[in-house]
Structure formats: C-alpha cells, structure tokens
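# fold the following, please.
(2 chains)
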Amino acid sequence: MMETAFTKGEIPLLRVEGLTKRYLKGGPPVVDGVSFEVAPAEIFALLGPSGCGKTTTLRLIAGFERADEGRVWLMGQEVTRWPPERRGIGFVFQDYALFPHLSVWENVAFGLRHLKGRERWARVEEVLGLVGLTVFKDRKPGELSGGQQQRVALARAIAPGPRLVLLDEPFSSLDAALRQTTRDEVRAMLKQAGIGAVLVTHDQEEALSFADRLAVMRGGRLEQTGTPEEVYLRPRTPFVAQFLGRTNLIPGEGRGGWAETPLGRLSLVEEAHGPVLLSLRPEGLGLAAPLGHLGERQLEGVVVAREFKGHDLTYRVRLGSRELTVQEGPESPFRAGDRVRVLVRAKAVVVGQGRQEGT
Amino acid sequence: MAAQTLRPIPLPLLAVALLVGLGVLLPLAYLGLRAAQAEPGQLVEIVLRPRNLQLLLNTLALLLGVIALTTLLALPLAWLTSRTDLRGRRLWTLLLTLPLAVPGYVGVFGFFGATGGSGWLSGLLGFTWPRPTGYLGALGVLTLFTYPYLFLNLRAALLGLDSALEESARSLGYRGYQVFFRVVLPQLRPALYAGWLLVGLHVLGDFGVVSLVRFETFSYAIYLQYSSAFDRVYAAWLSLMLLLLTGSLLWLEARLLKNLSLSRVGLGSSRLPQRTPLGYGALPAYAFLLLPVVGALVVPLVSIGYWVLQYPSGYLSWEGVVQALENSARASAPAALLSALMALPLAYLGVRYPSRLARALERVAYLGYATPPLAFALALIFFSLRGAPFLYQTLALLVLAYALHFLAEAIGPVRSALYQAPPRLEEAARSLGFGPFQAFFRATFPLLRRGMLASMALVFLSAMKELPLTFLLAPVGYSTLATRIWGYTSEALFAEAAPYALLVVLLSAGFVGLLLTQER
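Have a look, this model is predicted:
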C-alpha cells in the first residue's frame, strides 16, 4: 500500500509498532495496537476526537508514560524502555509548560546543558531569532501573549537540536486569527530546520493543512493513515469520512464500477460488489432548477435549509426520506422551500462493505 | 473512587516517605514495648489503680466541659460575625482568632499575674480577686484559648451555607429561630465535629495549663510520674491510656462524619445569606464579642505590660532572656528545616501519586500532631534509650521531636505550592535531557520556595512556643522561652516571667500574620 511515503530501505525517523496502554488494570485500552512510521523531516498528524488516545500516544513516544505493549524506535534504535531524557525528543505541551521562574532566554537555554559560554549564548540567540523573539528574551513567560508563549515553547523544544518534535495540540489555546499564521510559521520553521514532527490535534482543518501525512484515530486505534488528500478524498470508514468534514453517507449495492443507490446509479472511485456504504462530499453535489421534461428521471428534492457562509453556501435538501448536504457557490439562488434538481458531480467513495446501519 | 494509576512510585521517594512515617510510628511502638515490660502482677496493679479512674474522670470532665463551653461561646460569635449587620466584622474576626496563637501557659501567666494578692486587678479593684486554680481554672483558661478552633470552623460553615435552604424553610412557614434550629444547625454538624476534634485534641494534649493550675489530668500525671516519681513503667501506661483516649476521639469523629452527606444538591453557586439586623440587640452583642477579647487578649497583655515594668533590672540582667531566646531558636530553626524537608516527599507523593499508601502516610504525619506531646516525648525517650542511646538528652532528639510533631503544619503550604506547579513542567525538563531528580530540582523546586519558607516559618514559630516536648526532651539545663515562663509562673515570679511572655506573644503575632498571608 501507499502508507509509507518514503522509499524502502531508508530508516524511518520514528517507528511505532503495536503500542498499547491501559490506565486501569484490566480496563479498556486507551491506546490499542497503534503502528505508524514517520520519515526524517516529515510532519505527521494524529487526528481524532477528544479522548481517542492521541495525546497518550504522544506521551508514550516521549517516554512520559510506559507502554503496556508495543515498541518504539528512533532512527532504527529501540527506545521503548528509555527514560524521556535519553530520547532526545522535543515536546511542546498544549499549555506550553514554560518555567515561570525563568526568563524567555533561560527557558530556551534550559535544555542546552552540553553547551557552555559563548556557544550556548550563540545557540539561544539563533533559536530566538528563528522564532522572532529576540527582543523578548529578558521577559518572564507571564509577561508574554499566548502566541509568544507558544513560540518560546517551540524554541525551547528545538534548541537542543532534536530530530523529532512532538506537538500536543500546540495551537488550540490561540485565537482563530493568530492560529493560522502561527501554524504557517511553525510549519515553515520545521521544514527549514529539517525537523520531523508528530502533531496531535482534534481540528481536521489543522491536520489537513499542517501535516505531510496524517492518521485518523478513534477509540485508541488508527482508522486510516495517509496523505491529507488520500484521507480526505478516499476515506476508508464512515467515521473518517464524517470526521474530515461533512459528508453524505448513502447505502447502495455495488455492481463493479458503479452502484445502485437511492440516488440512482453512482460511479465509484474503486470497483465494489454487494452491499456497500458510500460517501459523497457536499462539494461533489450541485443544485439546479428542476426540468419539466425530465420527470421521474431527475433527482428532485426540496430545500430544507440554507446556510450562507460567504465563500460558499450549504444547502440541506430533502429527497424522499433522505436529507442531503449540498455545497454550492455563494451566488446560488435557491431558498428554503424551493424545488430543486440534485446533480451528482463526483464519484462516490466506498467507506463500508456489507449492510450498514444506514446514515 | 479515584483511579489508581499504574504509574509506579519512584523507589527513593517511597523510601524517604516511609522513613518519615516510621519516625512517627516507631517511638509509639517503643512506648508499648516499655509498658509491656511490667510483670503480670505489677501490670494488673498498675492498670487497676483507683487513681487511674480519678485521672480518667478528671480528663473527661475537663474535655467535655471545655467542649460544651467553647460551643456556647463560639456558636454565637460565629453567627454574629457572619450573619449580622455588625460593624467591623473582619476586625472582630481577627481579634477573635488571635487567642489561638497564644499558648495556654502564657494565658495562665496572664491570669495569675492579674489576680491574687500581688495582681494588678486586685490593685485596681481594691480587693483580692481569687486565682483561677483547679478544675474551674483549667476549664476557663482552656476555653478562652481553644474556642477559636471551633469559631473558625463554624464561621466558615455559616458563610458557606446555601441561603436558598433557609429561604425555602421561611417560605414553608418557619420562623427565624425555628429555621436556625431545624435547617442551619443540622448543617453545621461537620463544622462542629471538626472543631470539637481540634479542641478535644488540644485539651488532651495540654500540659502547660493543667500543670500550672494544678488540675490532675493524664498529661499532668505523666509529668509527675516521670519527673518526680521516676516510675517509668507507670508513666508509659498512663501515656498509653491517654493515647487510647485520643484514638477514641479520632475514631468517634470519623464515625460521626461517615454518616453525614450534606453537600449541596444541584448546581449553581449559592448566594451569600442575608444579614440579620441587630437593632437594639447590638449593644449586648458587642459586649458578648468583647468577653473573649478581654479574657484572652487584654488580660494577658496588660499583665505582661504591668509585670515587665516591675522587672527587677537591678539584680537580674536581660542576659537570661537573650539566652533563652537563643536556646529556643537553636532547637526550632533546625526543626523547621527538617520538618519542611520531611514534608516535601510526603506532599509530593500525595499530589503526584495519589494512592491509598500516600493517604496513609499523610495520616501518619497528622497522627504525630494529634499524639499528646507528653506521650510522644516519653515515647521518644524510651525509643532513644533502647534504639539510639547516643541521642538521649541531646539537642538532636529535641529537634527531631519538634520536626515530627509539627510535620502536619509543614505539609499544608508545600502541598498547596505543589498543586500550583503542573507536572508538565517536570516532563518538559525530562524531554530536554534531565533525569527525574534534576528535573524536579530545576523545574518544580524553584516554584516551591515560597511554600517551603511558609512551612519552615510555621514550624519555627510553633516550636518556639512548645512546652511539654521541651520539658522532657531538652538536655539538662537547656531552658527555652517556654520552660522559663512555666518555671517562673509556677513559682509566682511574674516579673521574671514577663519579658519571656512578651517575646512569646510577639512570636505568636508573627504566626497569625503568616497564617493570614497563607490564606490568600
């Protein structure tokens, strides 16, 4: 499969195999057989709802928690039993965990024990320059804004020169406007420095735009791993399809390259046979005025709700007993109550085989 | 139930915490060992002595009397300062709390210095006011200096009560005083039990007051046996009986609390209750508030002032005062340091690795606090004689006793500081290449400085005033502020005692000031 984005034989930066962790003896696993690989300088995201075990996975990789089962390799070296301080992995905490008694400069210098005097000074200045905080170096963390604290946390984590940085929801405490720019800056900086990263987030947009590859996690397991495009365009499970943006789930009967469904015949991305569950993104559907001469041969429905969002417009359309979400351009003219013709513009993706519990 | 984490407790931390726990329990075990040395015939004779019954009755009478009297005093005081339109409620609360910090023996000094033929009160009134001695003396003095425990608990509870409950009762047709007895009072039960326990432990542990007013309770009898009769087996047995009494009190409190569940049902923050206007009742109310303030603050302070002025500077220099202050400090300062250092692993264990073991170890620390000091001192003597003879009659043993006894005071501030230092700071340090110990000392410890200092200051100030432990454990001829005050007062040398009492009162004021800053 295409799950590894690097050539065979190259040693992955991070390899995780069968990682399992229970917090309660005999209780359900919080992390359940998680396996993935991260290539050098690759940015990997773990995406999932809260409580899915993604942060625990990150803490297991960092060594803050001890795995019940499974193994962790860093650059081909097994580190499963190593204490965190031996692993040399940078970690950025959700609330940053800056040392409140130390200045920005001292926070960044904290991990530079092996450097002395001039070298140490030069490295701190270099990293502070990288995150653009040189002028704030004498301040205490409490005197900085959230965005600045975030950058100090990152600077502190990368100062010792780790090959891998773990980011635990690092942008979630920033306000929306700041989040996007900070995200872009951090990404550019990681790429420039050639540092690999594992990002944990519950924000699908963040994962899609930040990561080179991502894994969707649910109930302690990885449901799907791949590039953002693969995971968004070819979800393998109904959960992945729904978690990465809105979708319409439609049951049908596979007949090879197409499927028989309540919406009529739908073309499939991959061939399938027998009962299937299909996903059709709202942007794969469109609306037009019904044409009288088509009669029964068109998909005619009624607009139930209209949600104008500026750059686009989302309709809820009732079609028989089923409601569909349809995305249109901002100039689309239909209003609630209008009769419309639903157009299928994209191929459907099979997200489940066999009888499903419906949408 | 809190989730039992599978994270293993680091072994060194566990070892240190267990050692501290052992420090409290081991001496008590030696007490039992020493008591068991009696021969069977002797044993029966010791346990069944009629004097024991008399001591038990005396101790119980004092215990129940003080509890009843403090309740009658503290309940109205708490209500007046929390639920009425009284003026200066904060100032009254402070004044009514202050006696807590004044040791009972200074209180006795204050009353003795005021009454009797030589007292200033007699001079003022023109007739001789009798000295408070015996049961009534002990009852009065102990009530005046222990009621704040109950007052503070009740006041906090009254302020925390949901006023909607009282308003519901009002709307259901109950009158004001009916509401108080049917709705408010039942809800004050946890606060009453907690306050009674503190008052009770104080009464059982008291030595200064009962010995000066010469009322024979277990504590006083232990002292007499140990110091004059040299019957150590009997002293050990008396200590065990006192411990049994203390244990019963703790058990009773736990049992009473177990069947109580008075937490608020439903969500939403409760509003502050309405304040009752006092109207014409204000004058008697102020008079009532003044009663304990005069008894526990004004009388001792006037006595101290009066007798300091009488201090015979001619033939006695101030050298003795300085010497005693220095002696007190020389024992208290290392004890404060030791106590804070012992509190650190216990608090850390409790905050970062909450488990049954951590809770048990913390309880042991509180046990050291609850154990009557005379019994604890005696236990340490037996322990040092048997297990570590090189410690007997040394300053080190006194320091150890202070540190173990006041350990419970040291845990609080360290624990609050720890709660404010998130564990992620240590994890961040670990990910930056530091081992567990280095990570703790570089990331967390700097944040505990204030808490550690507060712990040390609390223990230091408490140890400076400590009497019974000092009495039994100080090296021969080593006198401190507390032992000097007790010694001079028991010989009615009030002028000689006054400068020492002044110093202790100043230290007590510092203690209260510190507590108030900690509350914020």
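# that's a strand at A:Leu112, yeah?
No. Secondary structure assignment (DSSP: H, G, I helix; E, B strand; the rest coil) places A:Leu112 in coil, not in a strand.
# buried sites along stretch B:451-459?
Within stretch B:451-459, the residues scored as buried using 16 or more other C-beta atoms under 10 Å in any protein chain shown are B:451-452, B:454-459. Every residue, glycine included, has its C-beta placed from N, CA and C.
# quick check: mean pLDDT across it?
Confidence over stretch B:451-459, taken as the mean pLDDT, stands at 89.
# and the buried residues of stretch B:451-459, which of them are in helices?
B:451-452, B:454-459 (DSSP state H).
# please produce JSON lines containing the residues you listed, extended by distance to B:Ala360.
As requested, those are arranged in JSON lines below (distance: C-beta to C-beta, whole Å):
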{"residue": "B:Gly451", "distance to B:Ala360": "23"}
{"residue": "B:Met452", "distance to B:Ala360": "24"}
{"residue": "B:Ala454", "distance to B:Ala360": "25"}
{"residue": "B:Ser455", "distance to B:Ala360": "21"}
{"residue": "B:Met456", "distance to B:Ala360": "25"}
{"residue": "B:Ala457", "distance to B:Ala360": "28"}
{"residue": "B:Leu458", "distance to B:Ala360": "23"}
{"residue": "B:Val459", "distance to B:Ala360": "22"}
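# which two among these are spaced furthest apart?
Largest separation among these by C-beta to C-beta: B:Gly451 and B:Val459, giving 12.7 Å.
# contact partners for B:Thr371?
Counting by C-beta atoms under 8 Å, 6 or more residues apart in numbering or on different chains, B:Thr371 touches B:24, B:28, B:205, B:243, B:246, B:379, B:405.
# quick check: it vs B:Leu309, distance?
Shown here: B:Thr371 relative to B:Leu309, a distance of 40 Å by C-beta to C-beta, to the nearest Å.
# near chain B, which residues of chain A show up?
Residues of chain A found near chain B (C-beta under 8 Å from any C-beta of the partner chain) are A:22-25, A:62-66, A:83-85, A:87-91, A:93, A:95, A:97, A:99-101, A:110-111, A:113, A:156-157, A:160.
# and the residues you listed, which are buried?
Burial by neighbour count, judged by 16+ other C-beta under 10 Å, picks out A:22-23, A:62-65, A:84-85, A:87-91, A:93, A:97, A:99-101, A:110-111, A:156-157, A:160 from the residues of chain A next to chain B.
# what lies in contact with whichever helix or strand B:Gly113 is part of?
Applying DSSP states H and E as the criterion places B:Gly113 in helix B:104-114. In this structure, residues lying in contact with helix B:104-114 by C-beta under 8 Å, 6+ apart are B:99, B:119-122, B:129, B:131-132, B:137, B:141-142, B:144-145, B:206, B:208-209, B:212-213, B:296, B:299-304, B:306-307, B:467, B:482, B:485-486, B:489, B:492, B:494, B:497-498, B:501, B:504-505, B:508.
# go again using 7 Å as the cut-off
B:119-121, B:131-132, B:141-142, B:144-145, B:206, B:208-209, B:212-213, B:296, B:299-300, B:303, B:306-307, B:467, B:482, B:485-486, B:489, B:494, B:497, B:501, B:504-505 (C-beta atoms under 7 Å, 6 or more residues apart in numbering or on different chains).
# for chain B, what's its nearest residue on chain A.
Nearest residue of chain A to chain B (C-beta to the nearest C-beta) works out as A:Gly111 at 3.1 Å.
# doesn't B:Arg430 make contact with that residue?
No. Look at A:Gly111 against B:Arg430 with C-beta atoms under 7 Å: they stay out of range, at 10.3 Å.
# tell me which residue is most central in the chain.
Just going to use chain A. With distances taken as C-alpha atoms, centre = their mean, the residue of chain A nearest its centroid is A:Ala207 (3.0 Å).
# that answer is for a different chain, and I need it for chain B
Nearest to the centroid of the C-alpha atoms of chain B, with distances taken as C-alpha atoms, centre = their mean, sits B:His202, at 6.0 Å.
# excluding chain neighbours, what is closest to that residue?
When the adjacent residues along the chain are set aside, B:His202 lies closest to B:Thr146, with 4.9 Å between them (C-beta to C-beta, 6 or more residues apart in numbering or on different chains).
# shouldn't B:Val102 be in contact with B:Pro300?
Yes. In this structure, B:Val102 is within contact of B:Pro300 by C-beta under 7 Å, at 6.4 Å.
# residue contacts, residue 174?
Going with chain A. For A:Leu174, counting by C-beta under 7 Å, 6+ apart, the contacting residues are A:146-147, A:150, A:182.
# um, chain B though
Under the criterion of C-beta under 7 Å, 6+ apart, the contact list for B:Tyr174 reads B:Arg182.
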